[in-house]
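Peer 1: After the sequence you'll find the predicted model.
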Amino acid sequence: MSEIKFGKVEVTVPKQAARRMAILLWGPSGSGKTTLAATSPGKKLWINFDDGGTDCIASRDDILQVDLSSSPDNVVMGFRKAEAGMCRDLKKILEDDESIETVVFDSLTTYGDKALQHGVIEAQGTAKGRSSTIEDPGFAGYGNKNTWTNLLVKNILQITGQFNRHVIFIAHEDKPEKDDKGIVLHISIMLGSSLNEQLPVKLSEIWNLHDTGRERRIAVRACRARKPMKSRMFITSGEPEFIWDYNADTDEGSGIADWYAEWVKANGSKIKLPSDG
């Protein structure tokens, strides 16, 4: 094909290629989100907002933790600008330590809670948000939360993308949405408002974890009334989920690093779900 320009950009044929992962893992407490995130490639920088969030992976030697679980609610202000505050610090860490391959943010749900709490305080200083309270945050309080959470995800994606590092966001599962007869319509991510629709658009992998009591399942396509899910790594035309057989005590079984390596080997072509061989 002769060279064609779109402005200054050359028009080319799209090529399959495995890229860095940008994942959102969500599910109920105890479903294995932290354990799964810990199986991601290389050394992990773990930005932790959940109280005791890293207890189950404390024995691992491939994790560096930034524990913000006890920080005041205004800690969220440090993530609003990519070139300032904690975003600047994250950039410096990744620049100085090339052995860090994955950044984990745990969790978006707790961060959102802090953003709402502080968002109400900030809103009360404005004409539109003067009546905002924790019980009734109103448009101004929720607006601050949504804006700051969107900026957090945008900035961390930008910084990790600049240094070609994987990023994993963890979020909790919300209570079921039911109709007037009590029938469950769907279950989604505990982020609230429009964030459930806005944030998944920015990410390449959205996986839901579920523990039945006998086995753990990872869904990459909507099922069990849960949504949203999606995947660029796995084939999603067949079964929507697979059994995740992994022993955290012995580190036996496959995990994210193994699946990513298989995806790279396939030159970015979608791979079968682990249970499909």
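Peer 2: Happy to help now that I have it. Numbers count the residues shown, from 1 in each chain.
Peer 1: Helices along this structure, start to end?
Peer 2: In the chain, the helices defined using DSSP state H lie at 33-37, 85-96, 108-123, 138-162, 195-201, 256-265.
Peer 1: Taking helix 138-162 as reference, get the angle to the third one.
Peer 2: This means helix 108-123. 130 degrees (axes from the mean of the first three to the mean of the last three CA atoms, to 10 degrees).
Peer 1: what packs against helix 108-123?
Peer 2: helix 138-162, strand 166-172 (3 or more CB pairs under 8 Å, 6 or more residues apart in numbering; DSSP states H and E). All C-beta atoms are positioned from the backbone trio N, CA, C, and that covers glycine.
Peer 1: go with 10 Å
Peer 2: Applying 3 or more CB pairs under 10 Å, 6 or more residues apart in numbering; DSSP states H and E, we find helix 108-123 packed against strand 22-27, helix 138-162, strand 166-172, helix 195-201.
Peer 1: mind putting these in JSON lines, mean neighbour count, distance to K181 and mean pLDDT included?
Peer 2: Below are the helices and strands packed on helix 108-123 laid out as JSON lines (neighbours: other CB atoms under 10 Å; distance: least, CB to CB, whole Å; pLDDT from 0 to 100):
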{"stretch": "strand 22-27", "mean neighbour count": "25", "distance to K181": "26", "mean pLDDT": "97"}
{"stretch": "helix 138-162", "mean neighbour count": "19", "distance to K181": "29", "mean pLDDT": "94"}
{"stretch": "strand 166-172", "mean neighbour count": "24", "distance to K181": "26", "mean pLDDT": "97"}
{"stretch": "helix 195-201", "mean neighbour count": "16", "distance to K181": "23", "mean pLDDT": "88"}
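Peer 1: Export these to CSV and append columns for distance to V13.
Peer 2: Formatted as CSV, these follow (distance: least, CB to CB, whole Å):
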stretch, distance to V13
strand 22-27, 24
helix 138-162, 23
strand 166-172, 27
helix 195-201, 25
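Peer 1: Stretch 215-222: end-to-end distance?
Peer 2: 19 Å (CA to CA, to the nearest Å).
Peer 1: in it, what counts as buried?
Peer 2: Buried positions in stretch 215-222, judged by neighbour count with 16 or more other CB atoms under 10 Å: R216, R217, I218, A219, V220, R221, A222.
Peer 1: Need the residue closest to the centroid of this protein.
Peer 2: F169 (2.1 Å; CA atoms, centre = their mean).
Peer 1: wait, doesn't it sit right on D106?
Peer 2: Yes: if you go by CB atoms under 10 Å, F169 and D106 touch, sitting 8.1 Å apart.
Peer 1: quick one on the thing from earlier: spit out the contact partners of the residue nearest to the centre of the chain.
Peer 2: By CB atoms under 10 Å, 6 or more residues apart in numbering, the contact list for F169 reads 22-26, 37, 47, 103-109, 111, 152-153, 156-157, 199, 202-203, 206.
Peer 1: show me what contacts S188?
Peer 2: 26, 171, 173-177, 196-197, 200, 208, 225-228.
Peer 1: next one: T102
Peer 2: Here T102 is in contact with 20-21, 23, 37-46, 62-63, 160, 165-168, 256-257, 260 (CB under 10 Å, 6+ apart).
Peer 1: One more: N48?
Peer 2: Applying CB under 10 Å, 6+ apart, the residues contacting N48 are 34, 54, 63, 65-69, 104-107, 110, 170.
Peer 1: For these, which two are the farthest from each other?
Peer 2: I63 and T110 (18.2 Å; CB to CB).
Peer 1: coming back round to it: quick check: which of the contacts of N48 has the minimum pLDDT.
Peer 2: Scanning these for pLDDT, the low point is T54. It has 86.
Peer 1: Just the mean pLDDT for stretch 71-85, thanks.
Peer 2: The model assigns stretch 71-85 a mean pLDDT of 95.
Peer 1: hang on, I meant stretch 210-228
Peer 2: 94.
Peer 1: Name the residues contacting each of F169 and D106.
Peer 2: By CB under 10 Å, 6+ apart, the residues touching both F169 and D106 are L25, A37, I47.
Peer 1: Let's have these in JSON lines, adding distance to P274.
Peer 2: Shown next, in JSON lines, are the shared contacts of F169 and D106 (distance: CB to CB, whole Å):
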{"residue": "L25", "distance to P274": "16"}
{"residue": "A37", "distance to P274": "17"}
{"residue": "I47", "distance to P274": "28"}
